[in-house]
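K.L.:
Give me a 3D structure for the following:
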Amino acid sequence: MYAILTSVMQFHIHAKNAELSDVLKDFIEEKIGELQRFLHVPADEIQAWVEVGKITNHHEHGNIFEAKIDLGIPGQTFRVQITGEDINSAVLEARDELQREIRRFKEKHTAQQRKGMRTWKKFRTVVGFQEQDNTEK
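P.N.:
The predicted structure follows:
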C-alpha cells in the first residue's frame with residue numbers, strides 16, 4: 001500500500017499480483033492528477049484510491065491487467081474498473097472514463113440547477129404580478 005499527500009490530491013495506490021515501482025506510482029499520480037482540473041473542489045478534499053495489477057497469475061496474454069480507480073470528492077464518488085493489455089494502457093483508459101463520468105455529472109448537475117432557477121423565476125414572476133394587482137386596488 002502506498003499513500004502520499006500531494007498538493008494536488010491524496011493518492012492511495014495498491015498493486016495486486018504485480019510490483020508497484022516508483023515509475024508506476026509517478027505515472028499514476030501524473031495521469032490521475034490531471035483530473036483535478038475538471039473538479040472545482042479544493043485539492044485537499046479529493047482522494048483517489050487506485051488498485052492496479054494482474055487479474056490472475058495464470059494468464060499470459062490478452063487483457064490481463066486491471067485498473068480500479070475510485071475518485072472521491074465531498075458528496076460524490078466516481079468509480080471505474082478497466083482491463084487492458086498492460087498496466088499503463090489500463091490506467092490511461094480508466095482516466096479517460098473517469099473524465100467522461102465527471103463531465104456527465106457536471107452537465108447533469110448544471111441542468112438541474114438551471115431548471116430550478118427557471119422554476120423559481122416563473123414562481124417569482126407570478127407572485128410578483130399578484131402583489132402588484134393587490135397594491136393597485
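K.L.:
in the protein, which spans are strands?
P.N.:
Ranges of strands in the chain, per DSSP state E, are 2-5, 10-16, 47-54, 65-73, 76-84.
K.L.:
Please identify the deepest-packed of the ones you listed.
P.N.:
Greatest average neighbour count among the strands of the chain goes to strand 65-73 (a mean of 21), per mean count of other CB atoms under 10 Å. Where C-beta positions appear, they are placed from N, C-alpha and C, glycine not excepted.
K.L.:
about what we covered before: any chance of the strands of the chain in JSON lines, plus distance to residue 109?
P.N.:
Listed next are the strands of the chain as JSON lines, based on distance: least, CB to CB, whole Å:
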{"stretch": "strand 2-5", "distance to residue 109": "28"}
{"stretch": "strand 10-16", "distance to residue 109": "23"}
{"stretch": "strand 47-54", "distance to residue 109": "20"}
{"stretch": "strand 65-73", "distance to residue 109": "12"}
{"stretch": "strand 76-84", "distance to residue 109": "9"}
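K.L.:
Mean pLDDT and distance to residue 37 added to those, as JSON lines?
P.N.:
Converted to JSON lines, the strands of the chain look like this (pLDDT from 0 to 100; distance: least, CB to CB, whole Å):
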{"stretch": "strand 2-5", "mean pLDDT": "48", "distance to residue 37": "19"}
{"stretch": "strand 10-16", "mean pLDDT": "93", "distance to residue 37": "16"}
{"stretch": "strand 47-54", "mean pLDDT": "94", "distance to residue 37": "14"}
{"stretch": "strand 65-73", "mean pLDDT": "94", "distance to residue 37": "13"}
{"stretch": "strand 76-84", "mean pLDDT": "94", "distance to residue 37": "15"}
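K.L.:
Tell me which of those strands lies nearest to residue 95.
P.N.:
Of all the strands of the chain, strand 65-73 sits nearest to residue 95, with 7.7 Å by CB to CB.
K.L.:
what's the closest of the strands of the chain to residue 110?
P.N.:
Smallest distance to residue 110 across these (CB to CB): 14.1 Å, for strand 76-84.
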